[in-house]
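S.K.: here are the coordinates; sequence isn't available:
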């Protein structure tokens with residue numbers, strides 16, 4: 001493990017990410033939502049932390065990403081900012097906060113930078129999103145694009161399904177990625193796309209590419225914190241690999257705690273605080289007074 005990982009985390013910048021792409025060093029990105037997770041990500045040497053609108057499902061209990069608000073995501077973004085000193089912080093712009101106009105997009109992006117402490121923001125899809133991305137970049141805020149399965153548009157895409165399985169759709173996806181790059185995006189996330197399509201797309205792009213369910217050809221990979229640590233137990237996408245089973249361990253710990261309380265085994269004497277006998281005598285005397 002490098003000294004950067006053992007001590008002060010290395011500082012990720014757009015320049016350092018470009019250097020990683022040039023050198024072929026894979027970029028590690030994690031989607032996380034709170035201060036403790038951010039601290040651990042930094043200690044592990046993660047390059048990019050995304051506060052994703054997936055917080056809607058994973059943390060806030062919504063059925064989709066659509067209902068989550070700017071204010072809700074700002075709370076999470078600020079928490080992650082306080083936990084990071086090395087990784088680049090990217091924030092998702094939630095559904096309905098940027099689509100209507102360039103002005104809306106710039107205003108929302110500015111809030112995530114000024115109020116949330118984000119280093120960059122992420123926008124989904126191509127189409128008019130390209131114009132929004134261009135406006136945000138012109139305002140001085142770095143933008144990460146997102147193609148393939150874009151959760152905010154899952155309904156119009158036919159649900160949470162693999163994208164780009166026909167030549168026409170794959171070509172459209174490639175063109176969306178190229179237009180996002182041409183708009184000035186420093187990176188593009190490629191989600192739920194056949195690996196063979198990613199193999200063809202990545203060489204066409206000089207910006208950073210981050211894959212999630214898109215094969216190994218991308219410059220980096222991203223997974224959601226709760227998925228990779230096995231915290232979520234509902235349906236997991238095929239592309240998720242679980243690197244720990246924190247759900248089982250958490251359930252074991254909470255069950256053990258509940259049992260210890262019910263059996264009056266906890267708290268034990270070693271978990272309590274003492275008071276001197278002289279002070280206790282004074283208290284008894286005071287309480288005995290009418």
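M.R.: In hand now; what should we look at? Owing to the predicted nature of the structure, the values given are computational and were not obtained by experimental measurement.

S.K.: you'd agree residue 279 is in a helix?
M.R.: Yes: judged by DSSP: H, G, I helix; E, B strand; the rest coil, residue 279 forms part of a helix.

S.K.: Could you give the number of residues near it?
M.R.: Close neighbours of residue 279, defined as other C-beta atoms under 10 Å, add up to 10. Every residue, glycine included, has its C-beta placed from N, CA and C.

S.K.: and what of residue 98?
M.R.: 26.

S.K.: ok now do it, which residues does it touch?
M.R.: Each residue near residue 98 by C-beta atoms under 8 Å, 6 or more residues apart in numbering is listed here: 104-105, 108-109, 123, 129, 132, 136.

S.K.: What is the nearest of the residues you listed to residue 48?
M.R.: Of all these, residue 48 sits closest to residue 123, with 15.6 Å by C-beta to C-beta.

S.K.: May I have the phi/psi pair for the residue nearest the centre of the chain?
M.R.: Geometric centre of the chain, nearest residue: residue 31, 2.0 Å, by C-alpha atoms, centre = their mean. Torsion angles at residue 31 (phi, psi; degrees, to the nearest 10) stand at phi -100, psi 120.

S.K.: Could you do the one 4 residues further on as well?
M.R.: Backbone dihedrals for residue 35, given as degrees, to the nearest 10, come out at phi -60, psi -50.

S.K.: where in the chain is pLDDT low?
M.R.: 1-9, 151-160 (pLDDT under 70).

S.K.: what about 80?
M.R.: For the chain, applying pLDDT under 80 flags the ranges 1-9, 126-127, 150-161, 234-238.

S.K.: how does the protein divide into domains?
M.R.: Annotated domains of the chain cover 3-244, 249-288 [automatic domain parsing].
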